[in-house]
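Asks: predicted model follows, preceded by the sequence.
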Amino acid sequence: MKTGNYILISFVIILVSGCFVKSLHPFYKENEVIFKKELTGNWLGNDSSTWKIEQGMKSTGLFKPDVPDNAYLMTYKDKKGVAIFIVHLFQLGSRYFLDFYPEEVESTNDLMAIHLVPMHTVARVDVSPGKMVIQWYNEEWLIGLFRQNKIRIAHEKVPTSEGKMEEDNFQVVLTASTDDLQKFMLKYMDDPNTFKNDYTFVLQKKN
Amino acid sequence: MNFSILNKSLLLRIIQHLAFWGLAYYILVHVFASSSEIQPTDQIYTAIFLFTISIGVYFNLYILIPLFLNKGKYLLYGVSLALCIAGSTYLNQLTFEHIIDYFLPGYYFISYFNFLDLLKFFAAFIGITSLVKLSKSYFLLLEARNQIMKMQKEKSEAELNALRVQINPHFLFNGLNSIYSLVLKHSGKAPETILKLSEILRYIIYETRKEKVDLKKELDYMQHYIDIQKLRSGPLAKIEASITGNPVNREIAPLLFLPLIENSFKHGIKGETGSTFVVLEWTIGEDFIRFVTENNKGQSEDIEMDKRPGIGLENLKQRLNIIYPGRHHFEITETEELFRVELEIQTTDET
């Protein structure tokens, strides 16, 4: 991950502080990655954010990220700032998913940046002509299961963004292998809780 | 085996099995921990995981091994064991992929290992438990074999004792007959003969209970017996006894020669004729002891009168078969006038 002059933006705060299911390992395997041209372009979010999605390519400049050509370089911008992600599209069962991995997170300084560990998040994606719906995996539901001791998948409990680490107040970082992550997603894909959260983005393609 | 012993054995077996599964659970729950702390879901997962393994383990131990392995059907056992391992592995996968959702609704489990990894787990468990079972069976087999050997030895000893007990009255009967002849003749040698007879009897009763006796001593007492028979036989009978070789520090099973000597005198020395003879020859080699008896055959009427097979010779044959199986030669040669017996014993293993 490259570091630079960073500013914390709302989307990144969300990724770091909670609400999205975070994993040390990617949710996809290289041989499962697919590329759909229709995802590329400029998109407008329902919260007035803009999403610029480009096909990945080998770096051509000093500050350009190196992204595989079967992946996407996504630049998210809202009124609070900019975040750049490497995004992989893959299919599990009959559904399409996007794996988000921060390419560049702007922070206040370098020392802050080296303390940030990049993690993967996963979202379900539905693409139709001119429209794309992105729904992130429901962390609230997942943490609820961990609190109730009703789920078994390799993980570690970490403090919340407020630094709290209590019996019923914590965050979870999944440490399971990609195989296990996919098995879990596949088995419980039809569970209505898995993608039921407030972090659903409805994007319209800009002309 | 009475009821309490059966109960104790069953209880011990149950405790052993519980200890084995308890240890396996303790190890696996740490191996399977999904985070730095063992979660209740890890405990549930481990217990169910072991349950699916136990199905394969007990199917192998109580069905496949008795049905195929114990009956020597090795190929069938190998194939069925492989199927058992693969089947129980598949059951484990199926359990965590589907079955568990019916038994534990609201819980979220997946099958965390691929089939090949699971197969290794199951093969290891079923293999180890098979080896434990087989090693236990091996020790039981050794124990049973030792028990059988012990019983066979006890049986042989009992047979030998029974045969030895037969010698006493047989010898006594012949000895008393000799003394009776002396008394009839009003011989003054009767008291001396009674003393010698009692000495031989004491030797037979008290000193021949051991498996092996000193050869020199045995031959000395045989000489006493020959002396008694000489007294009874009269001056015209030709009686010769000779020893070639050194009997000192040699051992032999007791009372092997006595029945042959008895037999020679019984059939050879008949009446007061000069044609009667008994020749007894011992040859002692480095690894053998040979004893040959030759005697004339009794008058035809005597033989006719005694058609009963010699108890002493039959007794001797049985004892030789027990004590020196495959290590002795016993041959009876009979002509119209001569009765010859040759006994040779290989003493290679004797100390």
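Replies: Sure, I can see it.
Asks: so where do the helices sit in chain A?
Replies: A:10-17, A:110-113, A:139-147, A:178-187 (DSSP state H).
Asks: ok, what's across the strand from A:S128?
Replies: Per DSSP bridges, the residues bridged to A:S128 are A:K131.
Asks: a markdown table for the helices of chain A, including mean pLDDT?
Replies: Shown next, in a markdown table, are the helices of chain A (pLDDT from 0 to 100):
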| stretch | mean pLDDT |
| --- | --- |
| helix A:10-17 | 48 |
| helix A:110-113 | 71 |
| helix A:139-147 | 87 |
| helix A:178-187 | 91 |
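Asks: who touches the helix or strand containing B:V279?
Replies: When elements are assigned from DSSP states H and E, B:V279 belongs to strand B:277-284. Here strand B:277-284 makes contact (Cβ atoms under 8 Å, 6 or more residues apart in numbering or on different chains) with B:215, B:219, B:226, B:229, B:237-247, B:250, B:257, B:261, B:264-265, B:268-269, B:289-296. (C-beta placed from N, C-alpha, C; glycine too.)
Asks: so which other helices or strands are in contact with the helix or strand encompassing B:E154?
Replies: For B:E154, the enclosing helix or strand under DSSP H and E is helix B:115-184. Counting contacts by 3 or more Cβ pairs under 8 Å, 6 or more residues apart in numbering or on different chains; DSSP states H and E, helix B:115-184 packs against helix B:40-59, helix B:74-94, helix B:190-202, helix B:215-233, helix B:258-268, helix B:311-323.
Asks: report how many residues lie close to the residue lying closest to B:E211 once chain neighbours are set aside.
Replies: Distance criterion Cβ to Cβ, 6 or more residues apart in numbering or on different chains; nearest residue to B:E211, sequence neighbours excluded, is B:A253 at 6.7 Å. Look at B:A253: counted by other Cβ atoms under 10 Å in any protein chain shown, it has 20 neighbours.
Asks: with the one 3 residues further on instead?
Replies: The local packing count at B:L256 equals 22, with neighbours defined by other Cβ under 10 Å.
Asks: once you drop chain neighbours, what's closest to it?
Replies: B:L256's closest residue in space is B:L316 (Cβ to Cβ, 6+ apart), at 6.6 Å.
Asks: ok so, going back, buried ones in the strand holding B:V279, by neighbour count?
Replies: Along strand B:277-284, the positions that meet the burial threshold by neighbour count (16 or more other Cβ atoms under 10 Å in any protein chain shown) are B:277-280, B:282, B:284.
Asks: averaged pLDDT, that strand. What do you get?
Replies: In this model, strand B:277-284 has a mean pLDDT of 92.
Asks: same question, stretch B:156-176
Replies: Per-residue scores along stretch B:156-176 average to 71.
Asks: now stretch A:49-62
Replies: pLDDT averaged over stretch A:49-62 gives 79.
Asks: please apply the same query to stretch B:30-49.
Replies: 90.
Asks: in chain B, which helix or strand is least confident?
Replies: helix B:300-305 (a mean of 44; mean pLDDT, DSSP states H and E).
Asks: contacting residues around the nearest residue to B:Q39 once chain neighbours are set aside?
Replies: Take B:Q39 and drop its neighbours on the chain: the residue closest to it by Cβ to Cβ, 6+ apart is A:N149, 6.0 Å away. By Cβ under 8 Å, 6+ apart, the residues touching A:N149 are B:39-41.
Asks: so how many other residues sit close to A:Y28?
Replies: Neighbour number of A:Y28 under other Cβ under 10 Å is 23.
Asks: check A:H88 too.
Replies: 27.
Asks: run a quick check on it versus A:Y28, I expect a contact.
Replies: Yes - A:H88 sits in contact with A:Y28 when judged by Cβ atoms under 8 Å, with a separation of 5.0 Å.
Asks: list the residues that contact both of those two?
Replies: A:D99.
Asks: flag every residue of chain A that's near chain B.
Replies: A:145, A:149-157, A:175-176, A:179-180, A:183-184, A:187-188 (Cβ under 8 Å from any Cβ of the partner chain).
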